[in-house]
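>>> no sequence on this one, just coordinates:
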DNA sequence: CAGGATCCCGTTGGATACTG
DNA sequence: CAGTATCCAACGGGATCCTG
């Protein structure tokens, strides 16, 4: 696959990185990465990414594995992930057709931070639940 | 207040990733942490968390700082974050009233994985954009 | 100032039926 | 099998007005 222009730098120091020690999350910068957070926070996308983490899957395999996802949302999520370059789609034009999905290098690299987030969630889910119950009790 | 122990490591390889090729994101496990991912992927919550990362803020300060958020969504997001135990709310019953929000220890601990995710997004945003344009070109 | 209460519209997403 | 198309209900979220 051709790259008309290579990525300029891993850390975009070109424009507005004027801040000394980084907010890195200031509003104006955030607009750039908010779509990414949206995809991560998407109800299904990260489950798909993590499912594909252990190898390619067919459409129906994913549908069975993820449990609760509708074929519509699976299709839409896969399209979105493909559009973002996180997964690739391989069609085998047999009858019946066979389509396999797998993570791209980009998708693979996303697993690490997402896993970190998942680990955080697992570690603190008890704390969160407790806070929620306490809050709900206070408010009635 | 809640976590006397320091964070063990940025990449928690210890906890529950014990399974050999285990997803750690399997559906049954995912139902527990999906709400957390939802909060992270929320349009505003992480911007609020990151804004509060550099110190407490008043309601109107947050509103001005985040830019684009409506007072309704700011209120709702703050309530959600408070309910999850990520931020605390301090009312000074003066006239006019003053309300300050700040991260709890739990909220502070969330910044790390979110920052990692933000870093990933910053690093790969160019690649993603390229993939999107390529995809859109292919599909028409 | 901080936020509650409404209204209202665009999007999300499930269920179902159909197709190559 | 791997989708596409359609309908429709639920939710998200902005704009506006009101209050302690």
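All right, it came through fine. Predicted model, so just to flag it, every value in this text is computed and none were measured.
>>> gap between stretch A:97-107 and the chain center?
14 Å (CA atoms, centre = their mean, to the nearest Å).
>>> is that stretch up against DNA strand D anywhere?
Yes - Stretch A:97-107 lies within reach of DNA strand D by CB under 7 Å from any atom of the strand, at A:97-99. In this view, the C-beta of every residue, glycine as well, is placed from N, C-alpha and C.
>>> name the nearest of those residues relative to residue A:53.
residue A:99 (18.5 Å; CB to CB).
>>> all the helices of chain A, in order from the start?
A:27-41, A:45-52, A:59-66, A:71-83, A:105-139 (DSSP state H).
>>> and chain A, which residues reach DNA strand D?
So far as CB under 7 Å from any atom of the strand goes, chain A lies against DNA strand D at A:58-61, A:71-72, A:75, A:78-79, A:89, A:96-99.
>>> ok, the residue in chain A positioned nearest to chain B - how many residues close by?
Chain A approaches chain B most closely through residue A:41 (0.7 Å), counting by CB to the nearest CB. Per other CB atoms under 10 Å in any protein chain shown, the neighbour tally for residue A:41 reads 22.
>>> what separation do you get for the spatially most central residue of chain A and residue A:98?
The centroid of chain A falls nearest to residue A:40 when counting by CA atoms, centre = their mean (3.8 Å). Residue A:40 is 29 Å from residue A:98, where distance means CB to CB, to the nearest Å.
>>> from the residues of stretch A:97-107 next to DNA strand D, which is closest to DNA strand C?
DNA strand C lies nearest to residue A:97 out of the residues of stretch A:97-107 next to DNA strand D, by CB to the nearest atom of the strand, at 5.0 Å.
>>> spatially nearest residue to that closest one (excluding sequence neighbours)?
The shortest distance from residue A:97 to any non-neighbouring residue, by CB to CB, 6 or more residues apart in numbering or on different chains, is to residue A:91 (6.7 Å).
>>> what's across from the one you found in the sheet?
Beta-bridge pairing for residue A:91 (DSSP bridges): residue A:99.
>>> in contact with it, which residues?
Shown in contact with residue A:91 (CB atoms under 8 Å, 6 or more residues apart in numbering or on different chains): A:97-99.
>>> from those, pick the one nearest residue B:103.
Nearest member of the contacts of residue A:91 to residue B:103, counting by CB to CB, is residue A:99, at 44.4 Å.
>>> and the closest one, what does it touch?
Residue A:99 touches A:58-59, A:89-92, counting by CB under 8 Å, 6+ apart.
>>> quick one: buried ones out of those residues?
By neighbour count, with 16 or more other CB atoms under 10 Å in any protein chain shown, the contacts of residue A:99 hold residue A:59 as buried.
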